[in-house]
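Colleague: pasting a predicted model and its sequence here:
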Amino acid sequence: MARGGWMEKGKSVVMDWLRAHLVFAGDECLIWPFSVNWNGYGHVKYDGRIQYAHRIMCLLAHGPAPTSKHVAAHSCHNGQGGCVNPCHLSWQTPRENLLARREIGTNIPKKRWTNKGTLTADQVRQIRALKGRMNQRQIGALFGISYQHVSVVQRGKLRGHPL
């Protein structure tokens, strides 16, 4: 692939790893070996911003997205497992991606900030008691929830809970 334009934007060990794996042709998932965010997706600094690693791999392997609304979709449905296999990635509209996830059964509805099945009343009290003693990421890891969920609990915005 000719170098130029968007191919020159990222220069780092991480970007070198992505470029080296553009030719990866295995059927198995190629798991991102660097940092991941709270939901399991790899991330990389590219073009001055933190972006999803699978999106940058899709950009490098398949060119720019057709529109700004297109997403880098996984045919393996293992994005949260850190897959960046270029053979598993393609540009899709959000609707196309949603329909593909529904078809395969991996469409998980967005969680609401409630305690239904997530936190007990005692856990909510413990999370609130830890405010100022631990940061929200640490508390989230302790209870198996995101730091955003911790923030909602600590601010008293947890819907469906009497506390």
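Modeller: Received it, and whenever you're ready, just let me know what you need.
Colleague: ranges for the strands of this protein?
Modeller: Ranges of strands in the chain, per DSSP state E, are 43-46, 49-52, 71-74, 89-92.
Colleague: of those, give the one that comes closest to residue 14.
Modeller: Across the strands of the chain, residue 14 has its closest neighbour in strand 43-46 (5.0 Å, CB to CB). The C-beta positions use only the backbone N, C-alpha and C, and glycine is treated the same way.
Colleague: using CSV, write out every CA atom in the closest one.
Modeller: Extracted in CSV, the C-alpha atoms of strand 43-46 (Å, rounded to 0.1, in the frame of the first residue of the first chain):
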residue,chain,number,x,y,z
HIS,A,43,-6.9,2.2,22.3
VAL,A,44,-4.1,4.1,20.7
LYS,A,45,-3.1,7.7,20.3
TYR,A,46,-3.5,8.6,16.6
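Colleague: touching, residue 79 and residue 54? I think so.
Modeller: Yes - contact criterion CB atoms under 8 Å: residue 79 and residue 54 qualify, at 6.0 Å.
Colleague: what touches both of those two?
Modeller: By CB atoms under 8 Å, 6 or more residues apart in numbering, residue 79 and residue 54 have these common neighbours: residue 41.
Colleague: now residue 34: how far from residue 58?
Modeller: 17 Å (CB to CB, to the nearest Å).
Colleague: kindly report the same for residue 142.
Modeller: For residue 142 relative to residue 58 (CB to CB), the value is 34 Å.
Colleague: before I go, just wanted to say thanks for your time.
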